[in-house]
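>>> what follows is a predicted structure for the sequence shown.
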Amino acid sequence: MKFTSRTRRIKTSATLAISSTAHRMQLRGIDVANLSIGQPDFSPPQGALDAARAYIMEGHFGYLPPQGLLELRKSVARHIGQLFGLTVGPSHVLITTGAKQAISLAFQVLVEEGDEVLIPTPAWVSYAQLVLLTGARPVFVPASMEDGFVITAQAIEAKITKRTRAIIINSPNNPTGAIIPPEELDAIARLIDQYKLVLISDDIYASLNFSDSRIESIVKYIHDQDRILSIGGASKTYAMPGLRLGWVVGGLKLIERMRDVLSQTVSCVSGPAQYAAMAALQGPQDFLDDVIQTYKKRAGHVCHRLRSIPGIHLVEPKGAFYVLASFEHYLNTYYKGQSIASTSELANFLLTEAHVAVTPGEAFHAPGFIRISFATSDDVIDKGLDRIAGFLSELTR
Ligand SMILES: Cc1ncc(COP(=O)(O)O)c(C=O)c1O
């Protein structure tokens with residue numbers, strides 16, 4: 001079978017692959033401590049569950065408008081207003097099948113062969129793959145651990161060429177939990193305006209900020225508001241990743257183009273997902289305070305425990321629910337005579353030999369690092385960290 005060159009470039013999602021292997025091992029009765037998946041461990045708001053149930057029980061199974069329900073788009077617009085102080089109307093909102101589809105649609109309408117998209121790294125697994133799917137070229141802009149994994153305007157400007165069309169900014173960041181401070185957001189925004197780039201701001205973790213400062217989105221700093229997209233969704237904030245509900249807010253022409261592609265590819269987002277998200281957005285938000293405090297406590301605990309393992313270095317996250325730690329110290333070692341040369345190999349050994357699932361930095365363009373998700377119970381976290389420490393102590397030079 002001959003497949004298209006665009007799809008031949010695409011690899012399966014590393015995070016989903018590791019998590020499925022861990023799940024298969026668990027089905028075989030193996031007790032795996034899963035620190036790999038970015039799936040919140042708290043319950044979705046009750047109102048969301050009731051709304052989805054009522055929608056189905058009342059027998060609603062029809063198509064919905066491709067752009068998404070007006071009431072839901074109004075709720076998203078209000079949410080963005082409260083979160084970032086942005087004023088937008090519902091015509092600037094598109095409802096998508098998860099934030100992932102919003103990002104994919106953005107690249108599909110914006111770039112093609114010959115174009116470049118800037119991706120600050122460490123970066124979420126799917127950005128580069130989704131750019132490759134369009135035929136365009138991902139251009140990586142590394143943020144260093146010394147800078148707290150905060151990308152700088154200076155590093156970005158060095159990678160801008162005549163072919164650069166768009167940039168993706170993700171703060172709080174997956175996998176580092178880094179938050180870009182306002183003065184750097186402002187400097188990056190000036191570049192975006194100066195070079196007439198399109199900004200795709202992946203704000204999916206904006207509600208999971210446990211730093212001492214109010215969260216800011218770079219979209220607010222951009223002069224030309226027709227060239228912005230802010231992406232969010234219900235997966236992380238409302239613990240409903242399997243429902244597949246995302247949104248994108250931005251310039252009218254961009255939103256309409258993306259809506260037209262969505263209308264031809266998936267018709268509309270499923271009804272139960274839209275009603276559940278609407279109830280979640282319209283319902284009380286105070287449960288998020290507890291969630292944020294829990295993640296803050298866990299972040300401190302995980303960092304403290306990792307730092308107690310010889311040779312491990314990290315930057316404490318300020319948001320989201322991951323820690324990215326350097327395991328470089330443990331490369332070029334041996335486990336029972338078998339060599340470990342990369343963090344991919346190390347993560348593989350950790351899964352098969354120590355029964356703890358983590359994601360190797362290679363998945364985030366950050367070899368030498370390992371991402372640990374603390375979106376799981378304290379018991380699983382401690383079990384996983386015990387196993388990591390135990391396994392590393394057995395390695396020889
Ligand atoms: C940075 C980032 N963006 C987007 C997504 C996709 O989220 P969704 O479940 O809404 O598609 C994820 C999911 O892990 C993510 O970490």
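Right, received. Where do you want to start? Residues are numbered from 1 along each chain as shown.
>>> check the closest residue to the ligand within the stretch 251-397 of the chain and give its pLDDT.
Closest residue of the stretch 251-397 of the chain to the ligand, Cβ to the nearest ligand atom: Ala320 (7.5 Å). (C-beta placed from N, C-alpha, C; glycine too.) On the pLDDT scale, Ala320 is placed at 97.
>>> buried ones in stretch 42-59?
Judged by neighbour count (16 or more other Cβ atoms under 10 Å), stretch 42-59 contains these buried residues: 44-45, 47-48, 51-52, 55.
>>> quick one: name the residues of the stretch 151-300 of the chain near the ligand.
By Cβ under 6 Å from any ligand atom, the residues of the stretch 151-300 of the chain that approach the ligand are 170, 174, 202, 204, 233, 235, 241, 246.
>>> the second one and Asp203 touch, don't they?
No - Asn174 is beyond contact range of Asp203, at 11.7 Å (criterion: Cβ atoms under 8 Å).
>>> of all pairs in the residues of the stretch 151-300 of the chain next to the ligand, which one is the farthest apart?
Asn170 and Pro241 (16.9 Å; Cβ to Cβ).
>>> who's more crowded, those two?
Asn170 (27 against 18; other Cβ atoms under 10 Å).
>>> apart from its neighbours in sequence, what residue is nearest Val139?
Spatially, and ignoring its direct neighbours in sequence, Val139 is nearest to Glu116 (4.8 Å; Cβ to Cβ, 6 or more residues apart in numbering).
>>> what bridges to the one you found?
Note on Glu116: beta-bridge partners by DSSP bridges are Arg137, Thr164.
>>> ok, how many other residues are close to it?
Glu116, neighbours per other Cβ under 10 Å, totals 20.
>>> likewise for Glu316?
Neighbours around Glu316, by other Cβ under 10 Å: 16.
>>> residues contacting it?
Residues near Glu316 by Cβ atoms under 8 Å, 6 or more residues apart in numbering: 177, 299-300, 303, 323.
>>> hmm, try it at 10 Å
Glu316 makes contact with 148, 176-178, 211, 299-300, 302-304, 307, 323 under the criterion Cβ atoms under 10 Å, 6 or more residues apart in numbering.
>>> same deal with Gly251?
By Cβ under 10 Å, 6+ apart, the neighbours of Gly251 are 88, 92, 198-199, 222, 224-229, 257.
>>> wait, doesn't Ala48 sit right on Met240?
Yes - Ala48 is within contact range of Met240, at 6.6 Å (criterion: Cβ atoms under 10 Å).
>>> anything in contact with each of these two?
In contact with both Ala48 and Met240: 234, 273, 276-277, 280, using Cβ under 10 Å, 6+ apart.
>>> in stretch 22-30, what counts as buried?
Quick answer for stretch 22-30 (16+ other Cβ under 10 Å): 22, 25.
>>> what's the neighbour count on the closest residue to the ligand within the stretch 1-150 of the chain?
In the stretch 1-150 of the chain, no residue comes nearer to the ligand than Gly98, which is 2.8 Å away by Cβ to the nearest ligand atom. Close neighbours of Gly98, defined as other Cβ under 10 Å, add up to 22.
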